[in-house]
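Following is a predicted model, sequence given first.
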Amino acid sequence: MRSDDPNTGPSWVRGSACWLWDSEGRRYLDLVASYGSLLWGHAHPKLVAAAQQQSAQLAHLTGMATELRRRLCAKLAAMHPMAHGNANHSSPCKAWLVTTGARAVELAMKLALHRKPGRILHFDRGFHGRSIATGAISDTRWLKQLPTVPHGSIPFPGCRRCAWGHLITNCQTADCLKSWVAANEPLLDDVSAVIVEPIPGAKGYLTAADSLFRDLRRLADQRGWWLIADEVQTGLGRTGNLLTCQAQGWIPDLICVGKSLGGGIVPIAAVLGPAASMDELPAGVESETFGGGPLACRVALTVLELLEETPWKVWSEAAGAGVRSVMADAAKALPFPTAIEGMGAFGVLEVQEESSERSRELAWRLTCEARKAGVLFHWSGPNGNRLVALPPLVTPPHAWDWMQERLQKGWHTPRWTTNWPPSRADRRH
Ligand code: PMP
């Protein structure tokens, strides 16, 4: 949970692994993790050392070749499942470096639109950034209404929150997509690409059946669309997978990664895709002053080294299991229904009151009370009814005892009534 205005609220002065300290010396367990960027926690010693060494040697160059850039692009390209794909989806791959997730998605949109001009389809629970173009295809109220790129929104399936009224017992992902396609045929003539997050993160880490993505792949192949995986939040370890699309069994054309790639130190993101299509983008269509400079590349290469050298999958499962177990324990004492979800290194507590307004209010209260007690959650969900926890892989086991003790106090004392909706001032914590 954060203020709308980054100049208000507590002033943060220090971070180490899963911990944050404010200017008054208070310690917090940081489960927001900069919205998923801090998979390796704050100030990871190996990443800090790499950044220090590289800044002293050669920090910045705009758009010029370095051995670091070459090595990083080669490693990222080799990660694309198409680089070792099946008969239908196989191609030599390339990676292009940019600064942020939104820039990566915009570059993916440029590549798709260059290949085939048209509409970009996206999911209604998706989030791809807040630039003018990415905001138009995200669940962002104001930006979505801007007439920038032509787009179309598909309902994200998912049991309790299903747009088609299905329950968990009769969830038919394929039917959802089929019904949507049948109802929207006129929209589909001029589609360029469809973009999807394997697990929509900003809206509360919602999961859908893997078949959704395989059906989307089939649909895209039948219609000549490109399929773009936005793995800015899910990629590079958060879900216990290097790429979540791979674990779900589908091969996208383009993949966007970001957040964790920068190790919590530098802004860096990338698009991975078929080399031939990337080479076709006319010169000058894409370039950024700070995209893929030596400092960013060195830190990102060190992140990839960590992913090669450490038992990170085990750590990811342990971090997720730890946080989910404390959330489940603390939720038992709450006088309203909740459910715990998650996989890899994330946990979600969903408030399941009958009234969605009441669920939202309680989730907000839980986030505020946890924060007062020293535990930072991301207040999220399609309806503001979910608390998301994104522990770094380096969270030590004693952090879970600390969290348990803090939540026991924080969540057990309040009376669960409140003034709602929160005023703008109240939200500035
Ligand atoms: N895609 C996804 C899935 C994201 O979660 C985000 C950021 N939350 C973005 C894109 C945009 O990334 P950035 O803020 O680095 O532009």
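Right, received. Where do you want to start? Residues are numbered from 1 along each chain as shown.

who touches the residue of the stretch 51-200 of the chain found nearest the ligand in this structure?
When distances are taken as CB to the nearest ligand atom, the stretch 51-200 of the chain reaches nearest to the ligand at Gly101, 2.2 Å away. In short, each C-beta sits where N, CA and C put it, glycine included. For Gly101, the contact set (CB atoms under 8 Å, 6 or more residues apart in numbering) comprises His128, Gly129, Asp230, Val232, Gln233, Cys256, Gly258, Lys259, Ala269.

With Glu106 instead?
So Glu106 contacts Gly129, Ser131, Ala133, Thr134 (CB under 8 Å, 6+ apart).

Which per-residue confidence value corresponds to it?
Per-residue pLDDT puts Glu106 at 97.

That one in helix, strand or coil?
helix (DSSP: H, G, I helix; E, B strand; the rest coil).

Return the distance of it relative to Leu113.
10 Å (CB to CB, to the nearest Å).

Please apply the same query to Lys178.
Lys178 is 27 Å from Leu113, by CB to CB.

okay, those two: which has more neighbours?
Leu113 (18 against 13; other CB atoms under 10 Å).

show me what contacts the more buried one?
By CB under 8 Å, 6+ apart, the neighbours of Leu113 are Ile120, Val149, Ser192, Ala193.

Need phi/psi at the residue nearest to Gly263 when sequence neighbours are not counted.
Closest residue to Gly263 apart from its sequence neighbours, by CB to CB, 6 or more residues apart in numbering: Leu47 at 4.1 Å. With angles defined as degrees, to the nearest 10, Leu47 shows backbone torsions of phi -70, psi -40.

What about Leu47, how many residues nearby?
Leu47, neighbours per other CB under 10 Å, totals 24.

Tell me the confidence at it?
98.

What are the buried residues along the longest helix that the chain contains?
If you go by DSSP state H, the chain has its longest helix at helix 312-332. For helix 312-332, a neighbour-count test (16 or more other CB atoms under 10 Å) marks 312-313, 315-324, 326-327, 330-331 as buried.

do stretch 286-298 as well
Result for stretch 286-298 [16+ other CB under 10 Å]: buried residues Glu286, Phe290, Gly291, Gly292, Gly293, Pro294, Leu295, Ala296, Cys297, Arg298.

Hmm, Pro391 and His378 touching each other?
No: His378 lies out of contact with Pro391 (CB atoms under 8 Å); the separation is 11.6 Å.

So between those two, which is more surrounded?
Pro391 (30 against 25).

contacting residues for the residue lying closest to that one once chain neighbours are set aside?
Excluding the flanking residues, the one nearest Pro391 by CB to CB, 6+ apart is Ala319, at 4.4 Å. Shown in contact with Ala319 (CB under 8 Å, 6+ apart): Ala345, Pro391, Pro392, Leu393, Thr395.

Low-confidence regions, the stretch 51-200 of the chain specifically.
Scanning the stretch 51-200 of the chain for pLDDT under 70 picks out 87, 158-174.

swap that for the stretch 301-429 of the chain, please
Judged by pLDDT under 70, the stretches of the stretch 301-429 of the chain that qualify are 417-429.

That one: strands as residue ranges?
338-341, 347-351, 375-376, 378-380, 386-389 (DSSP state E, counting those that start in this stretch).

Please identify the most buried of the ones you listed.
strand 386-389 (a mean of 28; mean count of other CB atoms under 10 Å).

Get me the contact residues on this protein for the ligand.
Within the chain, the positions lying close to the ligand (CB under 6 Å from any ligand atom) are 35, 100-102, 105, 127-129, 197, 201-202, 230, 232-233, 258.
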